[in-house]
Structure formats: structure tokens, C-alpha cells
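Enquirer: build the 3D model from these lines:
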Amino acid sequence: MTSRAMIPSEPRTAMLDKAVEALRRGELVVYPTETLYALGADAASPLALRRLFAAKVREAGKPVALIAADPAMAFAIARDIPGAARRLAKAFWPGPLTLVMPAKAGLPESLVGADGGVGVRVSSHPIAHALAHRLGRPITATSANSAGQPPSTTIEQARAAFGRKVKVYLEGGELGGSPPSTVVAFDREAIKVLRAAAIPRRRLEAALTGAR
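Expert: Residues are numbered from 1 along each chain as shown. Down below sits the predicted model:
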């Protein structure tokens, strides 16, 4: 039986090499996740984040979530890690669960919500994992579409949305067969489901109860 804690094997392609180098230069990439295509930028680069918001025509003050290579990388951006967050991460990462935790001081403002939280998940898609792993930092995981438009389920749709604003497009086939990630925040040890999607609340609660 495969453990949920296993990290996907890393694909090695010339295009992936180009994507990682583009991220290091502050450029944008489009890549597949286990849910939809995402628009990726180095989460530590103010230049890259400005390019991302401009490309998406995204309003200021609306933060973007992140993908980390593993739980250690994900938790490193949090100021405080609720015990419930650790239990949910153990149960559902890698996978479509975004945890919103108090942001560590010094994170770019565009990643932090009005409540001081930052959203992050560990993706089960090997390309998404490889990008964050090889960059050595989290990458943005906002959907690959202009604000207000439907999310991209094919690389062609992403190209139509962004054109040359994106440096590298990584093909992952047709996506969208699964709901987007479930988003969970915390009030001490109680969970607040901000978006009920891929993982229903009953499974979250079962994982928390069973872990005690």
C-alpha cells in the first residue's frame, strides 16, 4: 500500500530545466497540478509576484496560495502551526488540501490575506512537486487564467490567456476532472472550511478524530 507521505518521483526533462531556470530569473511558468493548470512564480521574488498579478489582471489585496515540495517547506512559511494543521497534512498531503496558517514575518504582502494567513499545499502532481523541490522554495499555485475567466484545463487555454507573458508552458494533458483543492483555516484547534471541494468536511473531521 502506498503511503500518502510519499513524495512523487521527480520528472527530468529539458522543459522542466527551462522552467526552473525561468522561475529563478523571476519569470512566470504554467504547470499542471492534480486539479488544474497553475500560474507559477517564485514566491520569494517581488518581481515575479508583480508579473503574476499583472498577467492575471488580479486585484491587489487578493492573495495567492502556494505549493511547497514537502511539509517542512510548507510549514517553514508559517509563524504558528496548529496541531490540527499537522494532522491534516499527515492525512492528506501530498494532495488537494490547502492549509491557511499564520504567515511568517517577512513574506511578501501579496501572499498574505487580510487575516494574516498564508495558504499552502503539497501537490501530488510530479511536475508541481519537481518545480518547488528544484527551486528550493514554494511557488505560486493560482489558477492559470485571467481574473474572472474560467480556469485552464488544457495548455492551449493557458497559452490563449497569457501568451508571451509566460516564459515556459509545461504540458500535463487535459486536466479538470477533479475539483479544486479544499481550503482550510484554523481557529486554534477548530477548523474553518473556506472552500469545500476535493476533500469534504466529513473526511477532514474523520482524520482529526482518528489522529487523536
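Enquirer: where along this structure do the helices fall?
Expert: Taking DSSP state H, the helices of the chain run over residues 14-24, 46-56, 71-75, 83-92, 126-135, 155-162, 201-211.
Enquirer: closest to Arg188 out of these?
Expert: Nearest to Arg188, of all these, is helix 83-92, at 8.4 Å by Cβ to Cβ. C-beta coordinates here come from the backbone N, C-alpha and C atoms, glycine included.
Enquirer: who's Tyr37 bridged to?
Expert: Beta bridges link Tyr37 to Pro32, judged by DSSP bridges.
Enquirer: and it, how many neighbours?
Expert: 27 (other Cβ atoms under 10 Å).
Enquirer: what about Ser178, distance to Ala198?
Expert: 6 Å (Cβ to Cβ, to the nearest Å).
Enquirer: about what we covered before: just name the most buried of the helices of the chain.
Expert: helix 126-135 (a mean of 22; mean count of other Cβ atoms under 10 Å).
Enquirer: from the contact counts, what lies against that helix?
Expert: Contacts defined by 3 or more Cβ pairs under 8 Å, 6 or more residues apart in numbering; DSSP states H and E place helix 126-135 against helix 14-24, strand 29-32, strand 66-68, strand 139-140.
Enquirer: what residues does the first one touch?
Expert: Outside helix 14-24, the residues that touch it by Cβ atoms under 8 Å, 6 or more residues apart in numbering are 28-29, 31, 40-42, 48, 127, 130-131, 134-135, 139, 167-168, 170-171.
Enquirer: run through the protein and note the low-pLDDT ranges.
Expert: Residues of the chain that meet the criterion pLDDT under 70 lie in 1-10, 12, 60, 211-212.
Enquirer: try 80 this time
Expert: 1-12, 58-61, 176-178, 188-189, 211-212 (pLDDT under 80).
Enquirer: identify the contacts common to Ser178 and Ala198.
Expert: 35, 96.
Enquirer: more neighbours: these two, which one.
Expert: Taking neighbours as other Cβ under 10 Å, Ser178 and Ala198 compare with Ala198 leading, 19 against 13.
Enquirer: excluding its backbone neighbours, what's nearest the more buried one?
Expert: In space, and not counting its chain neighbours, Ala198 is closest to Pro96: 3.8 Å by Cβ to Cβ, 6 or more residues apart in numbering.
Enquirer: so for stretch 102-118, what gets flagged as buried?
Expert: 102-103, 107-108, 110-113, 117-118 (16 or more other Cβ atoms under 10 Å).
Enquirer: can I get those in JSON lines with distance to Arg202?
Expert: Shown next, in JSON lines, are these (distance: Cβ to Cβ, whole Å):
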{"residue": "Pro102", "distance to Arg202": "26"}
{"residue": "Ala103", "distance to Arg202": "29"}
{"residue": "Leu107", "distance to Arg202": "32"}
{"residue": "Pro108", "distance to Arg202": "35"}
{"residue": "Ser110", "distance to Arg202": "34"}
{"residue": "Leu111", "distance to Arg202": "30"}
{"residue": "Val112", "distance to Arg202": "30"}
{"residue": "Gly113", "distance to Arg202": "26"}
{"residue": "Gly117", "distance to Arg202": "24"}
{"residue": "Val118", "distance to Arg202": "26"}
